[in-house]
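K.L.:
model the following, please.
(one chain, ligands or ions: 1)
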Amino acid sequence: MVETTPITIREMDRGHVPQVLEIEQASYPAPWSESAFINEMTSGASVAIVALAGESVAGFAVGWTVADQLHIANIAVAACHRRRGVGTGMMVWLLKEAGRRGCISSSLEVRESNQAARSMYRQLGYRSVAVRKTYYSDPREDAIVMVKDLEE
Ligand SMILES: CC(C)(COP(=O)(O)OP(=O)(O)OC[C@H]1O[C@@H](n2cnc3c(N)ncnc32)[C@H](O)[C@@H]1OP(=O)(O)O)[C@@H](O)C(=O)NCCC(=O)NCCS
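P.N.:
Prediction:
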């Protein structure tokens with residue numbers, strides 16, 4: 001069934017964590033733990049958000065603002081909500097918040113084979129600038145480093 005519930009984006013709180021973990025575990029071979037997400041909510045340098053479809057968590061994203069840069073640390077969308085702009089919406093939210101915090105650029109790493117994510121980031125204005133050899137394990141793979149100026 002195609003999901004059509006309107007999406008709203010807000011900051012992540014502890015009540016969202018069980019659903020966030022389900023999406024995380026379904027999306028990554030080496031998922032973040034519950035305590036990792038809880039730590040993100042208490043760190044002033046982190047911006048942790050969820051996309052909600054009613055009461056359900058459709059996706060989440062975590063960014064780190066370090067000096068004048070936003071680093072995208074984690075983003076995933078539940079399979080049933082993919083390809084309807086949820087990932088893009090969360091990225092736009094993070095980029096706006098980073099701008100408010102004085103960031104002037106953004107960076108991220110992405111698996112070389114992750115064409116869906118690479119395509120989303122390209123559409124958002126990120127460009128590939130470097131390769132980190134065998135950056136990932138499970139399975140071992142290179143990372144593509146992508147960057148974007150926020151004043152575009
Ligand atoms: C990557 C991810 C977050 C994208 O979320 P999403 O909500 O589906 O993305 P959007 O609907 O905003 O898509 C934006 C664009 O990304 C690209 N894209 C997204 N999914 C794609 C797919 N399966 N195949 C090809 N391109 C895709 C398209 O260019 C799309 O624009 P379009 O629909 O107008 O063609 C989601 O696929 C996901 O959770 N993947 C698993 C976790 C992951 O890989 N995270 C990124 C780690 S760096």
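
K.L.:
my guess is residue 17 contacts residue 36, does it?
P.N.:
No - shown here, residue 17 and residue 36 do not form a contact pair, counting by CB atoms under 8 Å, at 10.1 Å. C-beta coordinates here come from the backbone N, C-alpha and C atoms, glycine included.

K.L.:
which one of those two has more residues nearby?
P.N.:
residue 17 (20 against 14; other CB atoms under 10 Å).

K.L.:
got a pLDDT number for the more buried one?
P.N.:
Residue 17 is assigned a pLDDT of 97 by the prediction.

K.L.:
again, but for residue 89
P.N.:
Turning to residue 89, the model gives it a pLDDT of 98.

K.L.:
and it, how many neighbours does it have?
P.N.:
Counted by other CB under 10 Å, the residues lying close to residue 89 total 19.

K.L.:
tell me which residues of the helix or strand where it lies are tucked away?
P.N.:
Using DSSP states H and E, residue 89 falls within helix 86-100. Applying a neighbour-count criterion of 16 or more other CB atoms under 10 Å, one finds 86, 87, 89, 90, 91, 93, 94, 95, 97, 98 buried in helix 86-100.

K.L.:
and it, does that touch the ligand?
P.N.:
Yes - residues of helix 86-100 contacting the ligand under CB under 6 Å from any ligand atom: 86, 87, 88.

K.L.:
chain center to that helix, what's the gap?
P.N.:
Chain-centre distance of helix 86-100: 9 Å, with CA atoms, centre = their mean, to the nearest Å.
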